[in-house]
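Peer 1: Test case, fold it:
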Amino acid sequence: MSRLGTLFIAAAVLAATPAWAGGARAATVTIAPGGLAAALGMAAAGDVLVLASGIHPGPVNIATPVTLEGQPGSVIDGGGRENTVTVEAPGVTLRKLTIRNSGLSLFDQNSGIFLGKGAAGAVVEDNVLTDNLIGVYVWGAPNVLVRGNRVQGRTDLRRSERGNGIQLWNAPGTRVVGNTVTHGRDGIFVTTSKRNEFRDNRFENVRFAVHYMYTNDSEVSGNVSVGNDVGYAIMFSRNLVIRGNQSRGDREHGLLLNATTSSRIEDNLVAGRYATPVEDVAEDDDVADSDVPHEVGGLAESARIGTWKCVFVYNTSKNTVRNNRFEDCEIGIHFTAGSERNSISGNAFVNNRTQVKYVGTRALDWSEKGRGNYWSDNPAFDLNGDGVADEAYRPNDMVDRVMWSFPAAKLLINSPGIQVIRWAQSQFPALHPGGVMDSAPLMAPPDLPNTPERKAQP
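Peer 2: Below is the predicted model:
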């Protein structure tokens with residue numbers, strides 16, 4: 001059909017259900033494949049454009065506040081050019097669409113859905129985004145809702161060449177809720193924003209599940225990260241609530257806090273071991289061979305003990321870290337670089353090969369108001385039955401500090417001299433160097449909220 005014929009049909013469809021300027025009544029029209037661009041050009045504010053089943057060619061630009069809704073089988077295909085859908089009008093809704101095949105320019109930030117500065121209050125929900133460089137990019141638009149979408153990144157590109165699943169820049173008030181992101185570079189990447197909410201999302205086979213920079217007064221809660229390089233990388237931000245998230249089998253860090261201040265980190269779970277199908281792990285060509293799991297009964301289990309560091313705390317101060325569970329990691333918590341005035345209590349450190357690696361000279365007591373943390377390797381007694389051990393717990397000794405400062409000294413770890421030093425410290429506590437002490441260690445781990453996801457895991 002000629003372009004003139006397509007325009008004529010689209011105009012006739014729109015005319016069948018009139019729309020009045022001023023918003024008194026809006027049109028609801030069904031758009032056949034090939035008529036979307038013309039329909040958008042003639043639509044009035046408030047119109048609902050329903051895409052019929054079939055492939056609707058893109059790129060598409062939306063400059064009028066409309067609702068674009070897909071019927072089953074409707075696809076907007078960007079043809080490998082630019083943004084598949086660009087929105088510059090306020091109050092636009094994109095719903096139940098399959099959006100695919102954007103351009104591949106990282107410089108131009110090509111996206112499946114690109115919400116520009118004029119797209120305030122946009123709603124992006126229940127869409128499927130595949131084979132785009134960036135899934136959804138909120139670029140300067142405030143008060144956007146991105147909810148219930150399924151975003152799958154490019155699997156034909158190396159991770160450094162991929163875009164992020166959902167990306168935000170300067171998008172105050174934006175909420176990202178209940179999405180599933182697989183592959184791509186980072187699940188959510190946000191920078192230079194405020195008053196955001198990132199809740200109940202799931203991330204698999206990405207680099208960082210949540211990559212978070214210069215974003216203040218916001219919340220990260222109820223998210224699940226499975227088998228990624230890093231679960232939650234929270235950097236250069238303040239006044240955050242990081243609550244009820246899970247990191248399961250993330251290879252390097254479950255939670256990374258870098259220059260994070262005045263925030264609450266509570267009720268989170270970092271579990272180093274997590275069983276996933278072998279093909280889900282081995283298919284990523286950026287995973288080192290040593291990290292590819294071996295098969296155990298059809299499932300994959302990490303060839304090493306699990307996540308390298310449950311928590312890495314770097315230059316991070318004035319935070320409350322409470323009621324979290326960190327288990328089955330090489331290092332439970334690595335604490336370094338001038339991190340001060342943090343309250344760390346009520347947490348559970350379970351089956352980590354090294355519970356604490358503290359690089360510093362200050363003496364720290366990780367307890368508050370007579371309540372410390374639970375340590376699975378603490379052979380303690382509680383003679384009065386108050387739930388608190390009768391003696392303080394010290395996770396590190398002088399030998400640990402030597403090994404961290406001089407790694408070559410590990411060659412002497414089993415030598416008689418090292419054993420004498422450790423025996424002397426056990427007999428004379430005054431020989432302990434400055435570092436972490438828990439003066440009120442707990443006898444039992446605290447309970448975490450029982451979400452369905454937690455109940456379902458082994």
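
Peer 1: Low-confidence ranges, the stretch 301-450 of the chain, go.
Peer 2: Within the stretch 301-450 of the chain, the ranges that satisfy pLDDT under 70 run 301-306, 337, 396-434, 450.

Peer 1: try 50 this time
Peer 2: Residue ranges of the stretch 301-450 of the chain with pLDDT under 50: 301-305, 399, 404, 430-431.

Peer 1: residue boundaries of the helices in it?
Peer 2: 398-405, 416-427 (DSSP state H, counting those that start in this stretch).

Peer 1: The stretch 1-150 of the chain too?
Peer 2: Listed in chain order, the helices of the stretch 1-150 of the chain (DSSP H, counting those that start in this stretch) span residues 3-16, 36-42.

Peer 1: which one of those has the lowest average pLDDT?
Peer 2: Comparing mean pLDDT over these, the weakest stretch is helix 3-16, at a mean of 40.

Peer 1: Can you report how many residues neighbour Glu161?
Peer 2: Neighbouring residues of Glu161 were enumerated by other CB atoms under 10 Å; the total is 12. Bear in mind the C-beta positions are built from the backbone N, C-alpha and C, glycine included.

Peer 1: need the contact list for the residue nearest to it when sequence neighbours are not counted.
Peer 2: Counting by CB to CB, 6 or more residues apart in numbering, the nearest residue to Glu161 once its immediate chain neighbours are dropped is Leu106, at 7.4 Å. When contacts are counted by CB atoms under 8 Å, 6 or more residues apart in numbering, Leu106 is found next to 133, 161, 163.

Peer 1: which of these has the weakest pLDDT?
Peer 2: When those are compared, Glu161 shows the smallest pLDDT, 91.

Peer 1: residues contacting Met443?
Peer 2: Neighbour list for Met443: 374, 380, 382, 387-389 [criterion: CB under 8 Å, 6+ apart].

Peer 1: Would you point out the most distant pair within the residues you listed?
Peer 2: Across the contacts of Met443, no pair lies farther apart than Tyr374 and Asp382, at 12.0 Å, counting by CB to CB.

Peer 1: And what about Ser160, helix, strand or coil?
Peer 2: In three-state terms, and counting by DSSP: H, G, I helix; E, B strand; the rest coil, Ser160 is helix.

Peer 1: how much space between it and Thr130?
Peer 2: Computed as CB to CB, to the nearest Å, the Ser160 to Thr130 distance reads 20 Å.

Peer 1: which of the two has more neighbours?
Peer 2: Comparing Ser160 with Thr130 by other CB under 10 Å, the one with more neighbours is Thr130, at 19 against 9.

Peer 1: Okay, and the beta partners of the residue positioned nearest the centre of the chain?
Peer 2: If you average the C-alpha coordinates of the chain and look for the closest C-alpha using CA atoms, centre = their mean, you land on Val210, 2.6 Å from that point. According to DSSP bridges, the residues that bridge with Val210 are Ile188, Tyr232.

Peer 1: do the same with Thr30
Peer 2: Per DSSP bridges, residues listed as beta-bridge partners of Thr30: Val50.

Peer 1: residue contacts, it?
Peer 2: Thr30 sits in contact with 13, 50-52, 71, where contact means CB under 8 Å, 6+ apart.

Peer 1: which of the residues you listed tops the neighbour count?
Peer 2: Using other CB under 10 Å as the neighbour test, the contacts of Thr30 are led by Leu51, with 25 neighbours.

Peer 1: Mind pulling the model confidence for the nearest residue to that one once chain neighbours are set aside?
Peer 2: Beyond its immediate neighbours in the sequence, the residue positioned closest to Leu51 (CB to CB, 6+ apart) is Ser74, lying 4.0 Å away. At Ser74, the model reports a pLDDT of 96.

Peer 1: Beta-bridge partners for Ser74, please?
Peer 2: Each beta-bridge partner of Ser74 is listed here: Gly54, as defined by DSSP bridges.

Peer 1: residues near it, how many?
Peer 2: Look at Ser74: counted by other CB under 10 Å, it has 22 neighbours.

Peer 1: likewise Met213?
Peer 2: Using other CB under 10 Å, Met213 is surrounded by 16 other residues.

Peer 1: can you pull the pLDDT of it?
Peer 2: At Met213 the predicted local confidence, pLDDT, stands at 95.
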